[in-house]
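# fold the following and give me the result.
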Amino acid sequence: MIAAVLCIGTELTRGEIVNTNSTWLSEALTGLGAEVVKTAVVADDPERISKTLGALADDADVIICTGGLGPTTDDLTSQTVADLLGVPLERDEKSLDAIRERMTRFGRKMAESNAKQADFPKGARILPNDDGTAPGFSVTLGAGTDAFFLPGVPREMKAMFETQIAPGLALRAPGNIAQIRLKTFGYPESRVNDELAGLEEAHDVIIAYRAHFPEIEVKVLARAVDPEAAAARARAGASAVRERLGGIVYAEGDVTFAEALGEILVERGLMMGTAESCTGGLVAELLTERGGSSAFYAGSIISYTNAIKHSALEVPMEMLEQHGAVSQPVAEAMARGCAKALGVDVACALTGIAGPGGGTEEKPVGLVHYAVATPAGVTAKHRVFLGSRDQIRRRSAFAALDLVRQTLLADLEKA
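As a prediction, the model looks like this:
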């Protein structure tokens, strides 16, 4: 099954918003066993939309299109598709009632412009939208290409694809493709690539990479004569990746770095807390980004000033004056103070210079000290991270969480 993805929106072609829909849909289609051969982005222009749809239909069995189904004058997808098919638009009263009911439920009166969202090319199959006002639809293009049109709002698009499109595509897919996604942190993309040299030929798989700063995702894809053979080949390839990359592989699939750490903490019955200075709460944000973090995370103390480091974390003023806030002794003291103040088993602390100013020759911008306190003692590291302020803070947060992870794994091996 050959697939293509088309995203419509002038805001995309101008770079005003990031096009996450294309990446998500391509991964979802690949996971269903389709071969995605093309992705395209076009502005809200009928001629360009029509031309691109025609070109994609020449190559693909399935096209997933997002965007241009809203109520404004620049939302032109439905009319453009109707013109391409040579059919009129027809209003669907059931969709109109659903839009009106949704507006009423949220205390709003339906505007006339919203009514156009219930207009579809004659003969189209309508795809209800339970999470928004823009229904989708599907039509057949060219010699038999199934084209599905979804709203551009990612949350709405994903729900509609998963419930109304994916089940049918899964039945049509040949089932001879399997893919395993491995999450890594610790090596740059070039080193990950070099470490896996020759693996594709050895295991007859395709290795692809996706950088999601500061992580690298390794995708292992295998094709075979049947689903079982493809899955076995992908699993063998993934095992080889894990063997070569070792501890930098922290999870598989959609698991985040924080979730992987949380699993270790929950397995061992441990609670964690954080004390942050230069990251200003970013570590806490990563740990609480997804639900369930209360099972392993107690809270954070944002100790940006020396006064708070002293009063909340009991870092001695003499230590701060002698070594400075950005130093290993202070990071270790912050970790110990955090464990005591929050009553947790594991505490992580960071102090550094995120920039763009504030650095010296002795302590340059990017220098970050981070420490982890556990019942077994305190482990500390420091690094000079390169990049912008945001990059330094994010790299620091991941490095600190990685130190927690490595410390717990090392403690487990000793036990």
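# where do the helices sit along the stretch 101-250 of the chain?
112-115, 154-160, 166-172, 189-195, 199-203, 227-245 (DSSP state H, counting those that start in this stretch).
# just the buried residues of the longest one, please?
Residues of helix 227-245 classed as buried under the neighbour-count rule (16 or more other CB atoms under 10 Å) are A230, A231, R233, A234, R235, A236, G237, A238, A240, V241, R242, L245. C-beta coordinates here come from the backbone N, C-alpha and C atoms, glycine included.
# swap in the third one?
Neighbour counts over helix 166-172 (16+ other CB under 10 Å) mark A166, L169 as buried.
# which residues are contacting it?
With CB atoms under 8 Å, 6 or more residues apart in numbering as the test, helix 166-172 has contacts from M1, A28, L29, L32, G33, A34, D61, V62.
# repeat for the shortest one
For helix 112-115, the surrounding residues in contact (CB under 8 Å, 6+ apart) are P71, T72, R91, L96, I99, M103, T133.
# cool, the fifth one as well?
Contacting residues not belonging to helix 199-203 are listed as V205, I206, I207, A222, R233, A236, G237, A240, V241, R244 [CB under 8 Å, 6+ apart].
# and the residue lying closest to the first one once chain neighbours are set aside, what pLDDT?
In space, not counting the residues next to it along the chain, V205 is nearest to G237; the distance is 3.8 Å by CB to CB, 6 or more residues apart in numbering. G237 carries a pLDDT value of 97.
# and G237, what does it touch?
I180, L199, H203, V205, I207, V220, A222.
# if we go to 10 Å?
The contact partners of G237, taken as CB atoms under 10 Å, 6 or more residues apart in numbering, are 178, 180, 182, 196, 199-200, 202-207, 218, 220-222.
# could you do H212 as well?
By CB under 10 Å, 6+ apart, H212 lies in contact with T23, K183.
# tell me the spacing between it and L182.
13 Å (CB to CB, to the nearest Å).
# for G291, same thing?
Distance from G291 to L182, by CB to CB: 23 Å.
# more neighbours: which of these two?
Comparing G291 with L182 by other CB atoms under 10 Å, the one with more neighbours is L182, at 21 against 8.
# residue contacts, that one?
192, 216-220, 237-238, 241-242, 245, 248-253.
# what subset of those is buried?
192, 216-220, 237-238, 241-242, 245, 248-251.
# confidence-wise, which of the contacts of G237 comes last?
A178 (86).
# give the contact list for that residue.
30-31, 33, 205, 220-224, 227-235, 237-238.
# pull stretch 105-112 out as CSV, backbone CA atoms only.
Output of stretch 105-112 as CSV, limited to C-alpha atoms (Å, rounded to 0.1, in the frame of the first residue of the first chain):
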residue,chain,number,x,y,z
ARG,A,105,-22.6,23.3,24.5
PHE,A,106,-19.8,25.8,24.9
GLY,A,107,-22.1,28.8,25.3
ARG,A,108,-21.5,30.2,21.8
LYS,A,109,-23.8,31.0,18.9
MET,A,110,-22.9,29.4,15.6
ALA,A,111,-21.7,32.0,13.1
GLU,A,112,-22.7,31.8,9.5
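# from the contacts of helix 112-115, which land in helices?
Among those, the members falling in helices (DSSP state H) are L96, I99, M103.
# ok so, going back, which two of the buried ones among the contacts of L182 have the greatest separation?
Comparing every pair within the buried ones among the contacts of L182 by CB to CB identifies G237 and Y250 as the most remote, at 18.2 Å.
# any idea which helix or strand carries C7?
According to DSSP states H and E, C7 maps onto strand 2-8.
# partners of that strand in the sheet?
Here strand 2-8 has these sheet partners by DSSP bridges: strand 35-42 (parallel), strand 62-66 (parallel).
# deepest-packed of those strands, please.
strand 62-66 (a mean of 28; mean count of other CB atoms under 10 Å).
# pLDDT of that one, averaged?
Strand 62-66 comes out at a mean pLDDT of 97.
# now swap in stretch 347-366 and tell me
Stretch 347-366 comes out at a mean pLDDT of 96.
# what's the end-to-end length of that stretch?
Between the opening and closing residues of stretch 347-366 lies a distance of 22 Å (CA to CA, to the nearest Å).
# buried residues in that stretch?
Buried residues in stretch 347-366 (16+ other CB under 10 Å): 347-355, 359, 363, 365-366.
# tell me how far that stretch lies from the chain's centre.
28 Å (CA atoms, centre = their mean, to the nearest Å).
# cool, stretch 248-264 as well?
The answer for stretch 248-264 is 13 Å, by CA atoms, centre = their mean.
# same check, this time on stretch 336-347
30 Å.
# that'll do, ta.
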